[in-house]
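J.: predicted model, plus sequence, below.
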Amino acid sequence: MKQLLYRLFEHQILGREEARQILQNMVSGKFTEAQIASLITVFLMRSISVEELAGFRDALLDMRVVIDLSEFDPIDIVGTGGDGKNTFNISTASCFVVAGAGYKVSKHGNYGATSISGASNVMEYHGVKFTTDNDHLKRSIAESNMAYLHAPIFNPALKAVAGVRKSLGVRNFFNMLGPLVNPAMPRNQLLGVYNLPLLRLYSYSFQQSGNRFAVVHSLDGYDEISLTDSFKVVTGQREHIYSPEELGLARNAEADLFGGDTIETAAAIFDQVLAGTATPAQNNCVIANSAFAIQVLCPEKTIATCLDEARESLVSGKALQKFKRFLELNS
């Protein structure tokens with residue numbers, strides 16, 4: 001490990017197979033927590049390469065619990081985290097809005113590492129019991145349009161480094177890997193990233209896969225469509241910078257999206273959004289993210305049409321109905 005760290009400190013790049021082996025060694029206990037923390041820190045000092053990211057991804061997918069939801073052709077809606085904004089659970093709320101609009105979602109999520117409330121925190125707060133049972137997850141997505149895949153129980157590598165990540169409390173390459181290792185391997189994905197270099201990195205990775213995708217980044221640093229600034233969207237066909245006004249939506253202030261200082265506060269905002277009692281800023285943010293997810297699934301639809309579908313799902317109560325059914329099936 002010492003020689004490896006020296007190489008990385010000198011900005012040498014790992015090969016794909018080498019990166020895969022390193023991550024496997026982490027899981028097998030060959031590295032101490034201090035060594036893992038040092039390795040993570042290296043990738044805060046320099047950008048991760050495409051080959052390194054691919055190798056780490058290979059290792060995680062090799063070790064995952066395999067799940068098959070391919071018959072539903074679902075979408076995953078996820079952010080890398082690590083933007084330091086501590087927003088409420090925008091992506092998770094968007095999953096249920098998309099489900100309410102009639103589409104299938106397989107959400108891959110985890111506890112918050114750099115924010116108060118990650119997707120798994122808000123799910124667990126509502127009494128959701130995490131499972132790897134394929135039949136149960138199939139029933140959940142069939143009846144509520146939503147299956148939730150809690151990352152640590154599907155991949156031992158993520159569980160093995162959870163303590164180190166939490167102790168460091170800063171974004172790291174595991175934030176980058178999470179969106180790439182959904183164990184259901186969905187062919188559709190809306191991914192939010194916290195900077196433009198990552199947007200390029202993921203766009204390249206997704207283009208190689210042949211999947212349908214949209215990678216989004218708000219230019220003021222959010223890893224989702226925040227409507228606090230213009231935002232960039234890259235798909236397999238094009239890239240475009242949108243302003244909130246271009247979508248007919250008001251511009252938000254950063255304070256509008258704050259998730260609070262406790263999981264209880266973040267969960268309350270999540271509930272208010274799905275119940276239709278949230279602020280216009282909170283609702284619009286979720287609607288915008290949901291709309292671009294719908295467009296990934298239906299690229300022939302205009303974004304205006306997708307916005308209408310997302311808004312109708314939320315306003316009509318369909319999103320809340322799907323969430324309630326999801327809780328009945330998973331609590």
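T.: Sure, I can see it. Everything quoted here is computed from the prediction, not taken from an experiment. Numbering: from 1, shown residues only.

J.: distance of the closest residue to Lys318 other than its chain neighbours from Thr279?
T.: Sequence neighbours aside, Gly100 is the residue nearest to Lys318 in space, at 3.6 Å (criterion: Cβ to Cβ, 6 or more residues apart in numbering). (C-beta placed from N, C-alpha, C; glycine too.) For Gly100, the distance to Thr279 equals 19 Å [Cβ to Cβ, to the nearest Å].

J.: more crowded one of the two?
T.: Between Gly100 and Thr279, counted using other Cβ atoms under 10 Å, the more crowded position is Gly100 (26 against 14).

J.: I figured that one hits Gln321, correct?
T.: Yes: assessed by Cβ atoms under 8 Å, Gly100 is found in contact with Gln321 at 6.8 Å.

J.: what is the burial count for the residue nearest to Leu329 when sequence neighbours are not counted?
T.: Spatial nearest neighbour of Leu329, excluding adjacent residues (Cβ to Cβ, 6+ apart): Ser140 at 4.9 Å. Other residues near Ser140 number 22, with proximity taken as other Cβ under 10 Å.

J.: again with the one 5 residues further on
T.: The number of residues packed near Asn145 is 24, by other Cβ under 10 Å.

J.: ok, now which ones touch it?
T.: By Cβ atoms under 8 Å, 6 or more residues apart in numbering, the contact set of Asn145 is Val98, Ala99, Gly100, Gly102, Tyr103, Lys104, Val105, Lys322.

J.: element containing the first one, please.
T.: Secondary-structure element containing Val98, defined by DSSP states H and E: helix 90-100.

J.: elements contacting that helix?
T.: Contacts defined by 3 or more Cβ pairs under 8 Å, 6 or more residues apart in numbering; DSSP states H and E place helix 90-100 against strand 75-79, strand 105-109, helix 119-125, strand 146-150, helix 263-275, helix 280-297, helix 303-315, helix 318-330.

J.: show me where the stretch 101-250 of the chain has its helices.
T.: All helices of the stretch 101-250 of the chain, identified by DSSP state H, counting those that start in this stretch, fall at 119-125, 134-144, 151-154, 156-160, 162-168, 173-177, 196-209.

J.: as CSV, these with mean pLDDT and distance to Ser47 would be great.
T.: Listed next are the helices of the stretch 101-250 of the chain as CSV, based on pLDDT from 0 to 100; distance: least, Cβ to Cβ, whole Å:
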stretch, mean pLDDT, distance to Ser47
helix 119-125, 95, 26
helix 134-144, 98, 35
helix 151-154, 89, 23
helix 156-160, 71, 21
helix 162-168, 76, 18
helix 173-177, 76, 10
helix 196-209, 87, 6
